[in-house]
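J.: this one's sequence-less:
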């Protein structure tokens, strides 16, 4: 064999060997179809009428189109997990569509809310939120089902009886326009920030049943100052003036990022928006005003399709320094992580490419978390250093409520310690009481300062503390008397 032929043979052999190796590697990369149970029958896993086969499939609607108010009756899968950055029509058509639809939608929303609640305006005499200006609304105002004389009478029925006769007064509350969803701000916020007034939907709660605006801000390292804002809403234009000389430079940087507006899925400079004019976006403090809450609501970012996402009210950021678990459905374990993944784009990274990412580096989100870790609970003058009522400052009813809290009412099973919370997620299995989609585990929330944060539960379905006590009395089958429930509410107002 001459030298030239030998080289060809070597090259050919090498190529053949390489091809063989590539084929072998490709075979390893191939995926088998996976095992399949041929005679598979879906069990209901004890869900009964909450199983997928008994729920209504989600309606196929376009962005902006009306959605049912009883979305808890629906279940299943959507067409896609991903959002489209384009509107289903031109901007002019989009604007005209909502100008026509919104008045009728809001009329129906008001009728629906009034069918569920009696917004009678009654207050707890002498009780105010921590700012000292806004009264605490009295309940319960959730309407009883027809034929039921009292909550005490309803509580005598079993979950099965309540479910079979459709008597449960505390069904979930949906976003009134889930096809678009996103943040819906209260009237008080929109009056101060008309750039956030939506063309498609307004808040569904009367302002008197929402937190005070602006709320006071309390800092762990400057308790002597009380409300450090002195009645002001902290914004990008005044944060430096208010906090210079109180914070470290790192904390000032974190606060700046919390008040800096950023484009979001529907509040932005593009035509993919729900405001009449282009918007600079929103900041963390647009909902968490002064580190607290203004009662704005959104959809939880952790599920799809959009209409399966739970409505979530804005929780307070007060006292987050004492929490180890953040977020409603997921276990987010640090404040800097929470700041980093705040769902401004509804959990869809693809939308960031079209609207513009927030692009927070880790050191920036860490600084946001550092400031967040300074937000304190409001003062509770009747509580001692270990969180128990000071007898000389408390009424007999409040002391009775404390006894119930730690005993018969079982509140302390989940709410204890300095923040009155155990940092766990609980599945209350509320679907035992109505035909609907199970909501699964939800994080429980601190009860310190709870009087400042109406409405209650993750989806705002409980307008007052009195409604909340009625809800848990029914769901946990406590059989509390009317006097015991009133004592429990009186105690919660002390926290």
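T.: Received it, and whenever you're ready, just let me know what you need. Since this is a predicted model, take the numbers as computed values, not measurements.
J.: Skip the chain neighbours and tell me the closest residue to the residue nearest the centre of the chain.
T.: Centrality entry for the chain: nearest residue to the mean C-alpha point is residue 312, 2.7 Å, by Cα atoms, centre = their mean. Closest residue to residue 312 apart from its sequence neighbours, by Cβ to Cβ, 6 or more residues apart in numbering: residue 300 at 4.7 Å. Every C-beta, even on glycine, is put in place using the N, C-alpha and C of the backbone.
J.: My guess is the one you found contacts residue 328. True?
T.: Yes. The pair residue 300 / residue 328 is scored as a contact, 5.6 Å apart, by Cβ atoms under 8 Å.
J.: Residue 354 and residue 87 touch, don't they?
T.: No. Residue 354 lies out of contact with residue 87 (Cβ under 8 Å); the separation is 11.9 Å.
J.: Assign the residue nearest to the centre of the chain to helix, strand or coil.
T.: strand (DSSP: H, G, I helix; E, B strand; the rest coil).
J.: what residues are up against it?
T.: Applying Cβ atoms under 8 Å, 6 or more residues apart in numbering, one finds that residue 312 lies in contact with 297, 298, 299, 300, 328, 458, 459.
J.: Dump those residues to a markdown table, plus neighbour count.
T.: What follows is those, written out as a markdown table (neighbours: other Cβ atoms under 10 Å):
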| residue | neighbour count |
| --- | --- |
| 297 | 25 |
| 298 | 19 |
| 299 | 24 |
| 300 | 20 |
| 328 | 19 |
| 458 | 21 |
| 459 | 23 |
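J.: Include secondary structure when you put those into TSV, please.
T.: Shown next, in TSV, are the contacts of residue 312 (three-state DSSP):
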residue	secondary structure
297	strand
298	strand
299	strand
300	coil
328	coil
458	coil
459	coil
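J.: sorry, back to before: what do residue 300 and residue 328 both touch?
T.: Common neighbours of residue 300 and residue 328 (Cβ under 8 Å, 6+ apart) are 310, 312, 458.
J.: quick one: buried residues of the biggest strand by length in the chain?
T.: Ordering each strand of the chain by length in residues (DSSP state E) puts strand 123-128 first. Along strand 123-128, these residues count as buried under the neighbour rule (16 or more other Cβ atoms under 10 Å): 124, 128.
J.: Pull up the pairing partners for it, direction included.
T.: Using DSSP bridges, the strands paired with strand 123-128 are strand 135-137 (antiparallel).
J.: got the contact list for the partner strand?
T.: 121-124, 127-129, 208-209, 451, 454, 463-465, 493.
J.: By neighbours, which of those residues wins?
T.: Highest neighbour count within the contacts of strand 135-137, by other Cβ atoms under 10 Å: residue 465, with 29 neighbours.
J.: Show the contacting residues for that residue.
T.: Residue 465 sits in contact with 136, 139, 450, 451, 454, 456, 489, 492, 493, where contact means Cβ under 8 Å, 6+ apart.
J.: How about residue 208?
T.: With Cβ under 8 Å, 6+ apart, residue 208 has these contacts: 119, 121, 134, 135, 137.
J.: Can you classify it as helix, strand or coil?
T.: Secondary structure state of residue 208, per three-state DSSP, is helix.
J.: Could you measure from residue 237 over to residue 291?
T.: 17 Å (Cβ to Cβ, to the nearest Å).
J.: Of the two, give the one with the bigger neighbour count.
T.: For residue 237 versus residue 291, the count of surrounding residues by other Cβ under 10 Å is larger for residue 291: 26 against 8.
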